[in-house]
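Asker: Quick one, structure for this:
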Amino acid sequence: MRSISDAQNTRRGKGKELLKLRVCVKCSVKIENGRWVRMDNGKGVLCEECWKNMYLPKCRRCDKPIENAAVFSSDGQLKGKYHRACFTCATCHTPFPDNSFYVHSGQPLCAFHYHEANRSLCAAPTCGKPIEGACAITYSGDRFHPGCLTCSQPDCEESLDDYWEMDGARLCEQHARMAGALSDYGASDYGGEEEGEEGDVVAPLGMNHNHKKRERAQKRTTRLITLTGTDLRF
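Answerer: Numbers count the residues shown, from 1 in each chain. Sure, this is the predicted structure:
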């Protein structure tokens, strides 16, 4: 099978052409539009629709035959082929207006959903944008743009390399001292303090009136890595 024939199969008789009705061997439909393809073995013909479904590549999104231009990846990162109209983010189905996209697990994704799947969205509540390049990772594994990793105190914008973690909050040294979490702050200011395990300091009694137990602060160090999110084009 090489192409769809536009010519109706005819036979000549008494100076004029007579139409020979054919039946598709696949779907058993009578081919009335004259568009058919002969089987390679010569045993019957296929209608145009059956030929396309059997021999043209299928779009991975809509599962219909691709007749014209297809979008695919020559390096194998992107699995399958797509109609251009079907080639959108696999998560939000948004088109790629600048013809650039990301691939995760063989699926095309927009930048946001690629980084969401890759766990590389900034964890800062005021940001939440993709991280490409320098990335600060906290002790708990949260990822931030380096400039977005700041002290948890609302009025403090100090970027953190090392920080003190207390009751789930990340504190700069100044606010850790103000919370009474550092042993070298001075016993006279808060009525004394008690050292815990190495790297830990127990806040003085009575410092946090909302908690019955004394809080323990632990010093943490962030890790700085580089994240690469290579986008592809079509």
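Asker: drop to CA atoms for contacts and neighbour counts, all remaining ones
Answerer: Noted.
Asker: and the gap between the closest residue to Gly147 other than its chain neighbours and Arg22?
Answerer: Nearest residue to Gly147, sequence neighbours excluded (C-alpha to C-alpha, 6 or more residues apart in numbering): Ser159, at 6.0 Å. For Ser159, the distance to Arg22 equals 77 Å [C-alpha to C-alpha, to the nearest Å].
Asker: higher neighbour count, these two?
Answerer: More neighbours surround Arg22 than the other of Ser159 and Arg22, with 20 against 14 (other C-alpha atoms under 10 Å).
Asker: wait, what's in contact with the more buried one?
Answerer: By C-alpha atoms under 8 Å, 6 or more residues apart in numbering, the contact set of Arg22 is Lys30, Ile31, Glu32, Val45.
Asker: With Gln107 instead?
Answerer: Leu78, Lys79, Ala90.
Asker: mind listing what the first one touches?
Answerer: In this structure, Leu78 makes contact with Phe72, Val103, Gly106, Gln107, Pro108, judged by C-alpha under 8 Å, 6+ apart.
Asker: Below-threshold pLDDT in this protein: ranges please.
Answerer: 1-20, 181-216, 229-231, 233-234 (pLDDT under 70).
Asker: Could you grab the helix/strand/coil label for the residue nearest to the spatial centre of it?
Answerer: Centroid check for the chain by C-alpha atoms, centre = their mean gives Tyr114 as the closest residue, at 2.1 Å. Of the three states, Tyr114 takes helix according to DSSP: H, G, I helix; E, B strand; the rest coil.
Asker: for it, what are its contacts?
Answerer: So Tyr114 contacts Tyr102, Val103, His104 (C-alpha under 8 Å, 6+ apart).
Asker: So which of those belong to strands?
Answerer: Here DSSP state E is the test, and the contacts of Tyr114 give Tyr102, Val103, His104 as lying in strands.
Asker: out of those, which one sits closest to Glu132?
Answerer: Taking C-alpha to C-alpha as the measure, Tyr102 is the one of the ones in strands among the contacts of Tyr114 closest to Glu132, at 12.6 Å.
Asker: That closest one contacts Leu109, doesn't it?
Answerer: Yes: Tyr102 lies in contact with Leu109 (C-alpha atoms under 8 Å); the separation is 5.1 Å.
Asker: quick one, which of those two is more surrounded?
Answerer: Per other C-alpha under 10 Å, whichever of Tyr102 and Leu109 has more neighbours is Leu109, with 27 against 23.
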